[in-house]
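Novice: task: produce atomic coordinates for the following.
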Amino acid sequence: MTSNIFEINYNGTGKSQNINTLGMREMQARVYEKRAAQYLLVKAPPASGKSRALMFVALDKLANQNIKKVIISVPERSIGKSFQSTELSKFGFFTDWVVNPKNNLTDRGTSESKVLQFINFIRSTSSEDKILICTHATLRFAFQDLDDTDFDGVLLAIDEFHHVSQDDNSVLGNAMRNIMGNSSAHILAMTGSYFRGDSVPILEPADEQKFEKVTYTYYEQLEGYKYLKSFAMGYSFYRGRYTDALAEVLDTSKKTIIHIPSINSGESTKDKYDEVDRILEELGEAKLDEKTGLWLVTEESGKILKVADLVNEEGREKVQDYIRQMSEIEDLDIIIALGMAKEGFDWPFAEYALTIGYRNSLTEVVQIIGRVTRDSSNKNHAQFTNLIAQPDAKDDEVMFAVNNVMKAITASLLMESVLAPNFKFKRKDDKEQKSTGADIFIKGLKEPSSERSKNIIENDLNDLKATILQDNQIQQAIAAGIDAKVINKQLIPRVLMNVYPDLNNEETEEVRQHIVSQMAFQSGHIEEGAGGNQFLRMADKFINIDELAIDLIDEVNPFQRAYEVISKEIDAPTLRAIKNYMDGVKFTFSEEELLILYPQIQQFKAENGRLPDTESTDQYEQRLAFALLRLAQLRRERQDG
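Specialist: Numbering: from 1, shown residues only. Alright, predicted model coming up:
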């Protein structure tokens with residue numbers, strides 16, 4: 001049985017789908033306003049129209065900004081079709097998007113010939129060679145044979161930008177840095193999942209600051225749909241084999257995408273073909289249609305389901321061709337996939353994503369959700385369900401199992417905040433200031449003192465939540481029910497220092513206060529009280545919104561709901577095992593944490609007239625006391641050394 005962590009309802013305004021006099025949707029118009037920027041980063045959901053937004057900007061740069069060539073790089077060939085020739089002038093734009101077929105390198109061909117074609121294109125003086133489409137791999141290989149200055153006068157558009165990394169092992173990340181540093185190229189980067197929390201950052205802080213950002217939120221996209229009115233995200237636990245639990249979570253009346261677990265994960269049986277067979281058996285009696293490559297599955301009721309198997313390599317190309325060409329709702333019912341049917345995959349009728357096993361990558365979760373959150377007349381609700389193995393206290397790897405559960409639950413919490421409207425927090429300086437709608441006034445809140453902290457607060461809070469929620473120490477603290485002030489004032493600042501090493505202490509605290517406020521608000525609920533007053537219910541506290549202060553917010557655990565979920569779903573012996581584990585690591589400190597805690601120790605002494613006590617019942621004070629002991633120990637070690 002699926003338990004939803006959240007369900008969000010939308011008003012169906014149709015706004016995000018409306019077009020202006022130039023033929024642009026709301027998001028595309030927002031991007032076009034920034035068309036003069038040399039470096040532009042567009043963060044927008046699947047199906048919001050990023051590919052066409054790129055066309056508008058690229059055509060303006062070719063016509064008016066002295067750009068001679070446009071190169072579009074996509075992570076895989078199938079996504080290249082999003083950038084094929086498109087009529088734009090009939091909707092009001094000044095010209096059409098025309099791609100010479102020989103410059104679409106996402107069609108079939110050997111990698112060597114594509115790299116050669118890329119190099120010939122970039123060096124060509126022909127008027128026919130204006131726009132080229134290639135994969136990230138082709139760009140990587142071609143870059144190794146080119147000089148940085150070969151990209152002078154080029155607009156380089158990188159689709160699904162989260163695939164790029166600043167890591168030394170990322171050729172594409174290195175190429176980006178060199179092109180930015182040594183050429184006059186313009187860069188337009190597009191992504192729906194710019195989550196630093198997945199791995200190493202995409203850009204170094206200094207490079208990132210050069211980009212102008214356009215953010216179009218999931219809430220704006222879904223609120224502006226015509227048909228889809230709600231989205232829910234939930235989980236279901238199983239014991240034994242996941243295939244035996246499918247009957248409880250599958251609804252064959254819904255257009256469904258089933259993602260089976262990675263072969264390397266604990267949930268996998270290590271035989272992906274057998275897993276597909278078992279799923280088909282669970283559905284009914286299966287017969288292969290040789291013409292389409294689909295499985296025709298007869299249910300007990302007599303209804304025939306059309307099922308696409310994208311796991312088996314044999315016959316997969318035939319199935320993919322069928323999927324590419326289908327257009328009617330009755331053409332397909334269920335897709336079974338492993339690594340496919342995620343980013344760039346377009347099946348608008350899909351309404352239910354069933355994913356088995358937690359996903360280590362939040363980007364992957366976003367991409368899977370993006371498959372079912374497209375607007376389509378056949379659905380008013382979309383659902384993502386994560387089927388995950390239940391931890392067992394008898395298991396020697398109980399913390400590993402619990403971490404998997406925490407990743408699934410915290411991914412849900414992150415997606416709730418991504419899909420819901422964002423609040424804007426402002427400092428309250430006067431009693432008459434009242435919180436209205438999305439504008440919330442908070443006493444003692446630090447306003448950003450620099451453009452850098454302002455930029456992070458305005459553009460990066462969702463990315464920051466992803467990083468925080470994926471931090472192992474924070475996930476363990478959530479599972480163990482650690483004190484709110486410890487999380488808010490000690491653990492979260494440590495993450496901030498790692499993500500933004502360029503920030504000073506004041507800027508770090510400004511960002512901390514805004515991220516904690518955002519997380520507290522989106523983990524709580526606003527309720528109407530007497531006399532028209534609004535109260536924020538956070539954990540077990542009700543706080544009048546017009547009396548909010550940052551000190552009050554710091555006393556509320558922003559992950560209380562995650563702790564409640566895990567406490568409800570995981571048995572007492574397992575919870576005890578988690579708490580015992582956390583007791584063992586509660587008072588270990590990195591040097592970065594000690595740097596954060598030392599000013600807090602000084603502040604504690606100034607406010608209380610004494611040093612923090614290791615015997616205190618307050619976890620925050622207790623942790624400060626043990627940090628002081630560790631600092632004294634380090635001092636002695638250095639003196640002795």
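
Novice: find the residue closest to Lys599 in space, skipping its chain neighbours.
Specialist: Not quite, residue 599 is Pro, not Lys. Distances taken as C-beta to C-beta, 6 or more residues apart in numbering put Asn505 closest to Pro599, at 7.5 Å, once the chain neighbours are dropped. C-betas here are computed from N, CA, C, even on glycine.

Novice: my error: substitute Glu76 in the last question.
Specialist: Thr135 (6.4 Å).

Novice: what about the one you found, distance to Phe423?
Specialist: 40 Å (C-beta to C-beta, to the nearest Å).

Novice: what residues sit buried inside stretch 177-188?
Specialist: Within stretch 177-188, the residues that count as buried by 16 or more other C-beta atoms under 10 Å are Arg177, Ile179, Met180, Ser183, Ala185, His186, Ile187, Leu188.

Novice: end-to-end on it?
Specialist: Taking C-alpha to C-alpha, to the nearest Å, stretch 177-188 runs 14 Å from one end to the other.

Novice: distance from the chain centre to that stretch, please.
Specialist: 26 Å (C-alpha atoms, centre = their mean, to the nearest Å).

Novice: what of stretch 63-72?
Specialist: That offset, for stretch 63-72, works out to 31 Å (C-alpha atoms, centre = their mean).

Novice: may I have it exported as PDB, CA atoms only?
Specialist: In PDB, the C-alpha atoms belonging to stretch 63-72 read as follows (Å, rounded to 0.1, in the frame of the first residue of the first chain):
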ATOM      1  CA  ALA A  63      21.200  37.800 -36.400                       C
ATOM      2  CA  ASN A  64      22.100  40.600 -34.000                       C
ATOM      3  CA  GLN A  65      25.000  39.600 -31.700                       C
ATOM      4  CA  ASN A  66      27.900  38.800 -34.000                       C
ATOM      5  CA  ILE A  67      27.600  35.000 -33.300                       C
ATOM      6  CA  LYS A  68      28.600  33.000 -36.400                       C
ATOM      7  CA  LYS A  69      27.800  29.500 -35.400                       C
ATOM      8  CA  VAL A  70      25.600  27.600 -32.900                       C
ATOM      9  CA  ILE A  71      26.500  24.200 -31.500                       C
ATOM     10  CA  ILE A  72      24.000  22.300 -29.400                       C
END
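
Novice: list the buried residues in it.
Specialist: Buried-residue list, stretch 63-72, by 16+ other C-beta under 10 Å: Ile67, Lys69, Val70, Ile71, Ile72.

Novice: with stretch 99-115 instead?
Specialist: Buried residues in stretch 99-115 (16+ other C-beta under 10 Å): Val99, Asn103, Asn104, Leu105, Thr106, Lys114, Val115.

Novice: in the stretch 301-450 of the chain, which spans are strands?
Specialist: For the stretch 301-450 of the chain, the strands defined by DSSP state E, counting those that start in this stretch cover 304-309, 334-337, 352-356, 381-389, 424-427, 439-442.

Novice: okay, those in JSON lines with mean pLDDT and mean neighbour count next?
Specialist: Formatted as JSON lines, those follow (pLDDT from 0 to 100; neighbours: other C-beta atoms under 10 Å):
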{"stretch": "strand 304-309", "mean pLDDT": "95", "mean neighbour count": "21"}
{"stretch": "strand 334-337", "mean pLDDT": "94", "mean neighbour count": "24"}
{"stretch": "strand 352-356", "mean pLDDT": "95", "mean neighbour count": "24"}
{"stretch": "strand 381-389", "mean pLDDT": "92", "mean neighbour count": "24"}
{"stretch": "strand 424-427", "mean pLDDT": "89", "mean neighbour count": "16"}
{"stretch": "strand 439-442", "mean pLDDT": "87", "mean neighbour count": "19"}
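
Novice: mind putting those strands into JSON lines with distance to Gln639?
Specialist: Shown next, in JSON lines, are the strands of the stretch 301-450 of the chain (distance: least, C-beta to C-beta, whole Å):
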{"stretch": "strand 304-309", "distance to Gln639": "68"}
{"stretch": "strand 334-337", "distance to Gln639": "61"}
{"stretch": "strand 352-356", "distance to Gln639": "55"}
{"stretch": "strand 381-389", "distance to Gln639": "51"}
{"stretch": "strand 424-427", "distance to Gln639": "44"}
{"stretch": "strand 439-442", "distance to Gln639": "44"}
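
Novice: out of these, which is closest to Gly240?
Specialist: strand 381-389 (9.0 Å; C-beta to C-beta).

Novice: in this structure, what helix or strand scores lowest on average pLDDT?
Specialist: strand 525-528 (a mean of 68; mean pLDDT, DSSP states H and E).

Novice: next SSE after it?
Specialist: strand 534-538 (DSSP states H and E).

Novice: by contact count, what packs against that following strand?
Specialist: helix 505-523, strand 525-528, strand 541-544 (3 or more C-beta pairs under 8 Å, 6 or more residues apart in numbering; DSSP states H and E).

Novice: and the first one, what's buried?
Specialist: Taking 16+ other C-beta under 10 Å as the basis for neighbour counts, the residues of helix 505-523 that come out buried are 507-523.

Novice: what bridges to the nearest residue to Gln390 once chain neighbours are set aside?
Specialist: Nearest residue to Gln390 in three dimensions, chain neighbours excluded: Phe237, at 4.0 Å (C-beta to C-beta, 6+ apart). Beta-bridge partners for Phe237, by DSSP bridges, are Ile388.

Novice: test my guess that Phe237 contacts Asp392.
Specialist: No. Between Phe237 and Asp392 there is no contact under C-beta atoms under 8 Å: 11.0 Å.

Novice: which other residues reach the helix or strand encompassing Glu637?
Specialist: Taking DSSP H and E as the criterion, Glu637 maps to helix 619-640. Outside helix 619-640, the residues that touch it by C-beta atoms under 8 Å, 6 or more residues apart in numbering are 482-483, 485-486, 489-490, 586-587, 589, 593-594, 597-598, 600-601, 604, 611-616.
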